[in-house]
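Participant: take this sequence and fold it.
(one chain, ligands or ions: 2)
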Amino acid sequence: MSVEILDGATIVNFLEDEEAFNAQICDRFAHLDSDHDGRLSYGEMLKELQCLRLLETHFGVDVETDPDELALVYGSLFVQFDHDLNGTVELEEFKSETKQMMLAMATGMGFLPVQMVLEEDSFLKKAVEWESTKLVA
Ligand SMILES: [Ca+2]
Ligand SMILES: [Ca+2]
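Facilitator: Ligands and ions are numbered 1, 2, ... in the order given. Next up, the predicted model:
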């Protein structure tokens, strides 16, 4: 975990650099796909869903602590990724949904820099790192 300052533009610029974004998506997907069958089951997605949930709490959404409620939240997030409803999340689904979510987040953030606590391997952290390498280059 680290504290970073970012704004909507950081995220949008990162998403627009398709090469950098795709590389991160493939990385993340391979990392989550622990049985290497090329698709993410609910169990494999759970870690990612928990990160997303954590992010939502940054944006003022109530934190549900009831395990049953949480299971419902994760279930509905999973279905949001699983566009063809075949019970697993494929790379393309993972990519397009992650992109949508990050865009929504960027829009919500606007262009005023905000301070956020970021997980080391989260996409937002990658976006910040990506931006700092751009600035140095
Ligand atoms: Ca898998
Ligand atoms: Ca699917």
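Participant: and this structure, which residues reach ligand 2?
Facilitator: Asp82, Asp84, Asn86 (Cβ under 5 Å from the ion). All C-beta atoms are positioned from the backbone trio N, CA, C, and that covers glycine.
Participant: try 8 Å this time
Facilitator: Arg39, Phe81, Asp82, His83, Asp84, Leu85, Asn86, Gly87, Thr88, Val89, Glu90, Glu93 (Cβ under 8 Å from the ion).
Participant: most neighbours among those, please name it.
Facilitator: Val89 (26 neighbours; other Cβ atoms under 10 Å).
Participant: where's Met116, which helix or strand?
Facilitator: According to DSSP states H and E, Met116 maps onto strand 114-118.
Participant: mind listing what the residue lying closest to Phe94 once chain neighbours are set aside touches?
Facilitator: Counting by Cβ to Cβ, 6 or more residues apart in numbering, Phe94 lies nearest to Phe29, which is 5.5 Å off, once chain neighbours are set aside. If you count contacts by Cβ atoms under 8 Å, 6 or more residues apart in numbering, Phe29 has them with Leu40, Leu91, Phe94, Lys95.
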